[in-house]
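[1] Next one to model:
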Amino acid sequence: MKLAYWFACLAWVAAPAWPQGAGEVRGSVVDARGGEALGNVQVLLVGGPFRATTDSHGGFRIPSVTPGDYVLNVSTVGYHLLKRPFHLGAGEVKEFEIILTADTLRQTDTVEVKAGPFDTPHEDSPSTLTLAGNDAKNLGSVLADDPLRAVEDLPGVTSNNDFDARFSVRGADFSRIGLFVDGVLLHEPFHTIEGQSVEGSGTAFNADMVEKMQLYEGAYPERYGDRSAGVLDVDLRDGSRTDTVVRVAASASNAGAMAEGPLGKKKRGSWLVAARKSYLQYLLERTFPNTTLVFGLEDAQGRLAYDLDSKNHVTLYVLESYSGLDRSSVKSTLGVNSLMEAGYHYTLANLGWRYTPTDKLMVTTHAAWMREKFGDDNPNDVSLGAGYYGEWVWNTTATWMWSSNGPLDAGWSMRRVRDGGYAQQFNSNVLSVQQRWDGTAEIDGGYVQQSYAALGGRLRLAGGVRWDRHSMDAVAVTSPAASATVKLTGSAQLQLGFGQYAQFPELSVLASTLGSRRLLPMRSNQAIAALEQRVGQRSRVRLETYNRADRDLIYQPFYDPRILNGKVFSPPLNPLYYNSLRGYARGAEIFLQRTSANRFTGWVSYAFGRTEDRDGISGARFVSDWDQRHTINIYAGYRLRPSVNLSARSSWGSGFPIPGFLDTVGSSYYLTNVRNSQRLGTYNRTDVRVNRAWTHDKWKLTLYGEVINLTNRTNYLFESLNSFNTKTGQAYVTVDTMFPILPSAGLVFER
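    Model prediction:
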């Protein structure tokens, strides 16, 4: 007993003196998107040596805090810095519930309530992939910081072009994939240069303004019209209603600034403005000195959001972007049909109004205007092409919860389109017009869709019909669609979907000297079956099979030279467009995915697909230009410490066909009688990225480092067929290489 007594006395003497009247600060930290508890988050009190790191349950505790005034700073890499001032009294225990928002999302003090990390708001499509937050930021790359490049790495998506933000889904090119932004179908919202044999592109809207992106790879809902293969639905975010935030960014390829904050004294709205300018062209000029993909870009955009009252909410989004090419420094090396100066100008304005008269009815209306202008000049200042595209859009959608078992959705849209332009080139030193188009049309459409849940939510059904009409070809189409989800067990479900879809030809084809006003809309029938097994709350394994039957696709049967009846066929100068192509796309995809704001997030996916087409005029049967049999996409992100996040992406593809009637003999190309018989070979690229954050009392600095093509793999890109020998059939083509190993870095300062 005496020994125990002396040990107790020694411990009392050695123990630090607790401040008289000391209090305690404790609480929890959660992610705004879904409410997941955030571990490994740094919590500190400005004005003293008090700090802590949240545990795996998001909790923190700072004991022995002296009374006084403090600012609670909560931060981790990839999230907005949160500052909350408070006063701690003597002996007081202060509790906080902290909501952190990802850097790319609107800063908020509320949690988005979700049934699960893989559940979508509508749940009316069997094939939906969602991308948002830090995953979208990491996949967009430091070099490009492009939201559509993030989509390129989703399961089942194929993209073998380092220079292009556009991608392919199940053997269909991007022109058949609808890009909807805030409910409006956009035409060409890119930084690009028209008139190139191979076009590079970047997304015009800023990645930091994107709230989330949903990709529908097939059998998508009726609310999306005028596309025949897939849909990418993008929701832009509002500005912060809590604090004024300023962000300045600079990287190896661009510089920009963004500011946002509350609107009005009562903070009933928000504002957000952003501007950026790229100098990627200087990097590409040194890496690819002969490419025409080197162009500069700049854009400015802004968004206002305001609650008129509890039932009416309005938004206004404005985008102004410009892309320019100037190759005057190498003028002496350019041919008469080469671009020396070119420009592409894109403008968008979108006014939205959401009306919720009751908790069972929501009506959303958008009125938008978009404009595109381009012009191309050769070294002699002769125009090789120019064009103008303009569109007025009005659409209204309504969701009525007339029954507790499911909503009724309906909508109507009107689009007034104007498109005009020309393309010309020199042939034997004579300037001749290749194509000219000019037309105006109205495209109207509407849909109705009923969803229904039964058996306690174990069965979900959705079915509807869509009607669309184009004024120029005077064709109306009706397209039904239906889907079903059956919960086989508490963690497994079977999903089925079917739909018919229609896409009208572009006005540049309908009103072209190469086209016809009698051209029909392109049609597709799509069917999907998927089996999904949830593994815990945040992981899943999914197997999906699909079949798409295409018909009336727009095609130029006599565009390509070839061997015909044993002789070289030289195409006419102006080959015509026909609805002569039909075909199919079939395949299966399987992936394992985990989504979490803590530790590991990502996926491993494999896709097999086969896409074949047949031309009804020439009789040619061939694999699609975008047919890639095997695709593997891998992404992994890991928040290592409160200030460090690691991520990596890897894509492998068996290769797209070389478009045209080409064969190889040794290293030479020759014309043949079979289209798309040769492929460039496999595509393989692995990128790694690290994000490192430093937090000060009033600001946060994040450094982004990235290595593109870590293994220095040489990937090839088919650029053009330049000429061919009419006697021997030998063809002369240009094949470019893409990014070598390329390090890049960037930083963002936030206050």
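
[2] what about residue 295, distance to residue 479?
    Counting by Cβ to Cβ, to the nearest Å, the gap from residue 295 to residue 479 is 38 Å. (Glycine included, C-beta is placed from N, CA and C.)

[3] What count of nearby residues applies to the residue nearest to residue 257 when sequence neighbours are not counted?
    Of all residues beyond its chain neighbours, the one nearest residue 257 is residue 248 (5.0 Å), with distances taken as Cβ to Cβ, 6 or more residues apart in numbering. Residue neighbour count, defined by other Cβ atoms under 10 Å, stands at 14 for residue 248.

[4] what about the helices in the stretch 501-650 of the chain?
    507-510 (DSSP state H, counting those that start in this stretch).

[5] can you give me the strands in it?
    In the stretch 501-650 of the chain, the segments counted as strands under DSSP state E, counting those that start in this stretch are 522-535, 539-555, 562-564, 567-569, 578-594, 600-615, 621-623, 630-641, 644-653.

[6] for the residue nearest to residue 257, what are its contacts?
    Remark: with contacts taken as Cβ atoms under 8 Å, 6 or more residues apart in numbering, residue 248 is in contact with 256, 257, 748, 749.

[7] about what we covered before: looking at residue 295 and residue 479, which one has more neighbours?
    Shown here are residue 295 and residue 479; by other Cβ under 10 Å, residue 295 has more neighbours (25 against 22).

[8] so what are the domain limits for the protein?
    21-100, 128-384+402-750 (automatic domain parsing).

[9] Do I have it right that residue 174 meets residue 159?
    No: Residue 174 lies out of contact with residue 159 (Cβ atoms under 8 Å); the separation is 9.3 Å.

[10] Give me the common contacts of these two.
    Contacts common to residue 174 and residue 159, judged by Cβ under 8 Å, 6+ apart, are 166, 167, 168.

[11] ok, so what distance separates the second one from residue 204?
    Distance from residue 167 to residue 204, counting by Cβ to Cβ: 16 Å.

[12] With neighbour numbers in mind, choose between the two.
    Per other Cβ under 10 Å, whichever of residue 167 and residue 204 has more neighbours is residue 204, with 26 against 23.

[13] what sits against the more buried one?
    Counting by Cβ under 8 Å, 6+ apart, residue 204 has contacts 189, 190, 191, 299, 319, 321, 346, 348.

[14] now these as JSON lines including neighbour count and secondary structure?
    Shown next, in JSON lines, are those (neighbours: other Cβ atoms under 10 Å; DSSP: H, G, I helix; E, B strand; the rest coil):
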{"residue": "189", "neighbour count": "21", "secondary structure": "coil"}
{"residue": "190", "neighbour count": "27", "secondary structure": "strand"}
{"residue": "191", "neighbour count": "24", "secondary structure": "strand"}
{"residue": "299", "neighbour count": "22", "secondary structure": "strand"}
{"residue": "319", "neighbour count": "24", "secondary structure": "strand"}
{"residue": "321", "neighbour count": "23", "secondary structure": "strand"}
{"residue": "346", "neighbour count": "25", "secondary structure": "strand"}
{"residue": "348", "neighbour count": "24", "secondary structure": "strand"}
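
[15] quick one: which of these is nearest residue 475?
    residue 189 (26.6 Å; Cβ to Cβ).
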